[in-house]
Every structure is written in C-alpha cells, then in structure tokens.
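Chemist: Build the 3D model from these lines:
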Amino acid sequence: MTRLRDYNRSLIGQPGSRHQIETPALVVDLDALQTNIDGMQAFATAGGFNIRPHGKTHKCAEIARRQMAAGAVGVCAAKLGEAEVFAAGGVGQILLTSPVVAPGRISRLLDLAAAHPDVITVTDDPENVAALNAAALSRGVILNLLVDVDAGFHRFGTESPAAACALAQQIADAPALRLRGVQGYAGDVQHIANFEKRRIESEKRIRMLGAARDAIRAAGLECDIVTGGGTGTHAIDPALGILTDVQVGSYIFSDVQYDHVELRATDDHPFRNALFVYTRVVSARHDGFATTDAGSKGFSTEDYPPQIVAGAPSGSVYSIFGDEFGKVTLPDPATRLPLNSLIECVIPHCDPTLNLYDDLYIVSGDKLVDIWAIEGRGGAG
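Modeler: Predicted coordinates for the structure are as follows:
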C-alpha cells in the first residue's frame with residue numbers, strides 16, 4: 001500500500017514541490033523553524049539563562065537535535081515514549097517532566113537511565129520515591145530526581161515548601177536516587193494574553209518554586225536545578241533569578257493560540273509561524289464556501305479555529321465540517337474556490353495537532369526538502 005509519505009517523498013527537491021504535497025499534511029517551514037530555534041537561544045544567552053526545550057511540542061528527534069546544537073542544556077519529555085525517542089535519536093540530556101509510577105514504566109525508565117546517566121525524572125509522592133529506589137537498587141542504577149512542586153496548577157506536585165523538603169530528604173536518603181532540584185509548571189498562566197497580567201501571575205508561581213528551593217537548601221540538601229516556565233513566560237520568569245532554566249516549547253512553531261499572546265513587553269510576536277496544515281478543496285458545488293480534506297482529525301481546534309494564510313481570499317474563515325472535512329467560508333457569498341485549491345492554515349494549537357500526524361513535511365522556498373518522522377506521537381507513555 002502506498003502511503004502519503006511515499007508519494008510525497010518522490011517530490012523532494014523538485015521545483016514547485018511545496019505546492020504539490022498530497023494532503024492533508026503537516027508542513028514545517030524550515031527557515032522559520034530555524035529562525036525560531038536560534039532566536040530563542042539568542043534571547044536566553046543575552047538574558048543569562050538556560051533553556052530546556054519541551055519536546056512534547058514536536059515529538060521529533062531531528063528537532064531535538066537542532067535545539068541541542070543551538071545551545072539548549074537538555075530537552076524535556078512529557079511521556080516516557082517521547083524520552084525514549086529522543087535518546088534513540090542521540091539526545092541523552094532528557095528531563096521527563098511527569099511522574100513515572102507503573103512498574104512496567106519504571107523498568108523502561110531504568111533502561112533509559114542505565115544507557116543515559118544524564119536522564120532526570122520527577123516525583124511528588126513518598127510511595128513513588130520508595131518504588132523508584134527499590135527498582136533502581138535492584139538494577140544497580142543511580143536515578144536522578146527532581147521534586148515536583150505544585151505551582152498553582154494543581155495537576156501534580158508537592159503542596160508546600162515543607163512537603164517539598166520532606167520529599168527531598170527522602171530522596172537524598174535513598175541510596176539509588178540522586179536529588180537534583182525542583183520543578184514546577186504553571187500551564188494555566190502561559191496563555192494569559194496581556195503581558196503585564198501574565199507577569200504578575202507568573203511571578204507568584206515562580207516564587208513558590210523559590211520557596212521550595214530555599215527550604216530544601218536550608219535543610220542542607222542539594223538543589224542545583226530549578227526548572228519550569230514555558231514559551232508564554234520565557235521573557236518574565238528568568239528576571240526573578242530563581243529558575244536555572246526555562247522549559248520553552250511552542251516557540252519553535254508558534255500557533256494561533258500564541259498569536260493572541262503578547263509574548264514580550266516590547267515585542268508581541270518574536271517567533272514566526274512555522275507549522276501549517278495543508279489541505280485541498282475537494283468539493284466546490286456551492287457559492288460562498290468550499291469543502292476541504294482536513295476536519296477534526298486534521299486539527300486540534302480548542303479555543304480557536306485554524307487561520308487561513310494562503311489559498312483563499314482575505315477574510316475567508318476555516319471551520320470543521322466533520323471528522324475528515326473542513327469548510328472554507330468565503331467573504332463574497334457569490335464566489336467559489338477552484339477545485340483542488342491548496343489551502344495553507346496556521347494551526348490552532350501545535351502540540352495536540354502534531355500528535356495527529358506521522359510525519360512533518362519540511363519545506364524551504366518553493367520545494368519540499370525533507371520528511372521528518374514524528375517518532376514520539378501517539379498515546380503510549
């Protein structure tokens with residue numbers, strides 16, 4: 001069976017092949033991607049802080065390698081499967097940002113840590129610490145751990161400096177574990193649109209991390225890493241002098257959500273849109289709208305619809321028309337789009353949209369130049 005990638009691979013390097021890609025397809029503008037990677041790294045270097053980019057955004061080993069080559073201190077993974085993909089792709093400096101609890105996954109984590117001693121994971125529970133220590137002891141592996149701190153998001157994390165310190169002491173006392181520091185993530189802050197409102201709220205959350213760090217250090221324990229934040233707060237959090245690194249993620253692609261956020265006090269949109277869904281008109285029988293081949297299986301829409309950037313008149317609106325189909329509503333109700341018109345859309349939310357596809361189609365200028373597998377996609381941990 002010929003798959004989409006097999007057909008599109010035959011287009012690589014051909015003039016005009018960017019516009020011949022079979023759809024629906026997830027397309028990356030290589031020049032915009034690299035500009036975003038280099039731009040964030042330059043901003044961090046100038047600001048005197050490190051970045052530890054979050055791989056949940058792209059789930060792609062090639063992009064992780066590019067982030068490390070630009071100067072990142074490591075990459076993050078939300079799921080164990082993502083971490084395994086990055087390690088297999090040559091990136092071993094991985095922080096797994098969610099707890100690993102099930103015995104089978106703990107065994108996989110220790111396989112990873114045995115091969116890549118720089119791997120770090122997080123915990124928020126004494127029972128989990130005991131299980132990790134017992135498993136690591138049986139394998140002869142030393143496992144690096146951060147205490148996860150609830151920074152107001154309430155997804156997981158210790159609820160007070162005292163609780164963080166108690167868990168840190170348990171880790172420090174465990175012979176097969178190494179305490180490295182703390183992590184905290186306030187995901188609910190990242191998309192507050194107004195910069196000043198976001199600054200006020202994020203500073204409250206980062207100070208929670210600082211309080212946990214101070215309690216741990218006051219107990220005479222190691223706390224070298226304080227990590228958290230994200231793209232939405234990358235221009236805010238480092239100023240407090242608490243974080244050692246920022247877990248930026250969506251900056252590499254940007255999306256409609258972040259297009260509505262004032263990312264910096266003096267520059268609302270420092271990153272270029274680099275990730276698009278390409279879709280084609282498959283029916284144009286009615287005046288005023290057309291049907292395309294990308295529906296709810298092609299976009300994660302959430303708060304915003306896809307934003308059309310090419311292929312339809314200015315003012316055209318994209319909406320979901322079913323599982324497999326989309327709808328382009330035209331500003332002039334008496335007009336139609338030509339059949340097979342290529343529509344390019346900025347995606348509403350990059351992370352979950354990317355998880356719907358197997359491959360990234362990499363374009364530069366008018367050419368398809370490469371195809372990168374999204375090795376970490378899917379629901380497996």
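Chemist: can I assume Arg280 sits in a strand?
Modeler: Yes. Read with DSSP: H, G, I helix; E, B strand; the rest coil, Arg280 is one of the residues of a strand.
Chemist: show me the residues around the residue with the largest distance to the centre of the chain that make contact.
Modeler: Taking Cα atoms, centre = their mean, the residue of the chain most remote from its mean C-alpha position is Ala334, at 41.3 Å. For Ala334, the contacting residues are 287-288, by Cβ atoms under 8 Å, 6 or more residues apart in numbering. C-beta coordinates here come from the backbone N, C-alpha and C atoms, glycine included.
Chemist: same question, Ser17
Modeler: 11, 366-368 are the contacts of Ser17 under Cβ under 8 Å, 6+ apart.
Chemist: And for Leu80?
Modeler: Leu80 is in contact with 96, 100, 105, 108-109, 112, 381, counting by Cβ under 8 Å, 6+ apart.
Chemist: Selecting buried members of the residues you listed in ChimeraX, what would you type?
Modeler: A single ChimeraX command suffices to select whichever of the contacts of Leu80 are buried according to 16 or more other Cβ atoms under 10 Å:
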select :96,100,108,109,112,381
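Chemist: which two from the contacts of Leu80 end up farthest apart in space?
Modeler: Spanning the widest gap among those are Leu112 and Gly381, at 12.5 Å by Cβ to Cβ.
Chemist: Filter the contacts of Ser17 down to the ones in strands?
Modeler: Among the contacts of Ser17, the residues falling in strands (DSSP state E) are 367-368.
Chemist: ok, the contacts of Leu80 vs Ser300, which is closest?
Modeler: Using Cβ to Cβ, Gly381 comes nearest to Ser300 of these, at 19.3 Å.
Chemist: hmm, back to that, between the contacts of Ser17, which sits nearest Thr45?
Modeler: The closest of the contacts of Ser17, once distances to Thr45 are taken by Cβ to Cβ, is Lys367, at 31.6 Å.
Chemist: What ranges does this structure have for its helices?
Modeler: 4-9, 30-47, 61-70, 80-88, 103-115, 126-139, 161-173, 195-218, 256-259, 350-354 (DSSP state H).
Chemist: In a markdown table: those, plus distance to Gly55 and mean pLDDT.
Modeler: As requested, those are arranged in a markdown table below (distance: least, Cβ to Cβ, whole Å; pLDDT from 0 to 100):
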| stretch | distance to Gly55 | mean pLDDT |
| --- | --- | --- |
| helix 4-9 | 21 | 88 |
| helix 30-47 | 13 | 98 |
| helix 61-70 | 6 | 98 |
| helix 80-88 | 5 | 96 |
| helix 103-115 | 14 | 98 |
| helix 126-139 | 22 | 98 |
| helix 161-173 | 24 | 98 |
| helix 195-218 | 21 | 97 |
| helix 256-259 | 17 | 94 |
| helix 350-354 | 10 | 94 |
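Chemist: And the closest residue in space to Leu263 that isn't next to it in sequence, how far from Gly249?
Modeler: Once flanking residues are discounted, Leu263 sits nearest to Pro270: 5.9 Å by Cβ to Cβ, 6 or more residues apart in numbering. From Pro270 over to Gly249 the distance is 15 Å, taken as Cβ to Cβ, to the nearest Å.
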